[in-house]
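Enquirer: this one's structure only:
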């Protein structure tokens, strides 16, 4: 036994740092913007999905929360703007029921873009698409949407974690800790 600690053993290996953590933010703190953005995206999507002809306000409130959530995530400005603009429309498309769950590939691609994932990690888009098509075979009516969305969320998160692992594989030997552009 060499007696070296785990920290000493990993000292020569580059440590993965989220690319968005290296951005110099103009306002707020990274963790606050990240957590608040995710909460607004998820709650906005759920509120929007709870809307119908009798509860139109849920659709509007969900759309606004969803858009704000994408807009405040820590990322370069153009990525947040594109994501905020496209995600709301996709969430409205999902009001048609489980047969449109494959369209969760759109916010998943936006997530990869906002998280600054490398192009090679975009192969994981196949999982939300395939699961959306597969889930639609079991849940055909809108009353099955809560369960279908829950299953899709698990696939979405697992795919995002896999994309993160793929991104970690390409860590350069000399990782820079210099702040990036101001966003």
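Expert: Thanks, I have the structure now. It should be emphasised that the depicted structure is a prediction, and the values quoted were computed from it without experimental measurement.

Enquirer: which residues in the protein form helices?
Expert: Counting by DSSP state H, one finds helices in the chain at the ranges 6-9, 30-49, 56-72, 77-93, 105-114, 126-138, 145-168.

Enquirer: what sits against the closest residue to residue 60 other than its chain neighbours?
Expert: Of all residues not flanking residue 60 in the chain, residue 51 sits nearest, at 7.9 Å (Cβ to Cβ, 6 or more residues apart in numbering). C-beta coordinates here come from the backbone N, C-alpha and C atoms, glycine included. Shown in contact with residue 51 (Cβ atoms under 8 Å, 6 or more residues apart in numbering): 57, 58, 59, 60, 62, 95.

Enquirer: what do you get for residue 97?
Expert: 139, 140, 141, 142, 145.

Enquirer: And the pLDDT at residue 70?
Expert: The model reports residue 70 with a pLDDT of 94.

Enquirer: likewise the one 4 residues further on?
Expert: Note on residue 74: pLDDT of 92.

Enquirer: My guess is it contacts residue 33. True?
Expert: Yes. Under the criterion of Cβ atoms under 8 Å, residue 74 makes contact with residue 33 at 4.9 Å.
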